[in-house]
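Student: fold the following and give me the result.
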Amino acid sequence: MINVAIVQGRLARDPQMHLTKNGVQIATMTIANERVSKTGIKRVNWLVVKAFNKLAIVCQNHLSKGRMIMVEGESTTREFTTKEGVKRTAQEISAQWIEFLDAPKTKVYAGPEDTPPPDDSYVGFEGQTDDTPF
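Tutor: Residues are numbered from 1 along each chain as shown. Just a heads-up that it's a prediction; the model follows:
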């Protein structure tokens, strides 16, 4: 059977890191997936995405609220019991691949465009200043 989910959306909050008893790192994220119905009404699906181990660390280090991502993974169903003793079911996407679709709001690295303009104290060849006669 094929179980593949591909979704795109914006992060509703920063990824939350968890560590299982077995040492597995998990980043839990909620994404807002907007769709437009045939009648033009916009609806938002709130989807829970979980990334594991190295992918979880990458998400924790480079993603934040509002970032646009595309996720490919497996749709899973998890059953749990609330504090009040009520049994619930949650659908989640276990991410196998995540692509960042926009740039971060703050720069992660400095590139060539970040070099400062030259100052006025430029010294040319063999100690010559900008007072070159030609």
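
Student: look up the residues forming beta bridges with residue 34.
Tutor: residue 44 (DSSP bridges).

Student: for it, what are its contacts?
Tutor: 9, 42, 43, 44, 45 (C-beta atoms under 8 Å, 6 or more residues apart in numbering). No exception for glycine: its C-beta is placed from N, CA and C like everyone else's.

Student: from residue 2, how far off is the fourth one?
Tutor: Counting by C-beta to C-beta, to the nearest Å, the separation of residue 44 from residue 2 is 27 Å.

Student: which of those two has more neighbours?
Tutor: residue 44 (13 against 4; other C-beta atoms under 10 Å).

Student: any idea how far the more buried one is from residue 37?
Tutor: 12 Å.

Student: ramachandran angles for the closest residue to residue 53 other than its chain neighbours?
Tutor: Using C-beta to C-beta, 6 or more residues apart in numbering and skipping residues adjacent in sequence, the residue nearest residue 53 is residue 25, 5.5 Å away. Residue 25 adopts backbone torsions of phi -90, psi 130, taken as degrees, to the nearest 10.

Student: residue contacts, residue 25?
Tutor: 17, 18, 19, 52, 53, 56, 57.

Student: likewise residue 11?
Tutor: So residue 11 contacts 29, 30, 31, 32, 63, 64, 65, 66, 67, 69 (C-beta under 8 Å, 6+ apart).

Student: so the third one: helix, strand or coil?
Tutor: Read that as residue 31. strand (DSSP: H, G, I helix; E, B strand; the rest coil).

Student: check the last one too.
Tutor: Judged by three-state DSSP, the three-state class of residue 69 is strand.

Student: for burial, what's the neighbour tally of it?
Tutor: 20.

Student: quick one: low-confidence ranges for the protein?
Tutor: Scanning the chain for pLDDT under 70 picks out 105-134.
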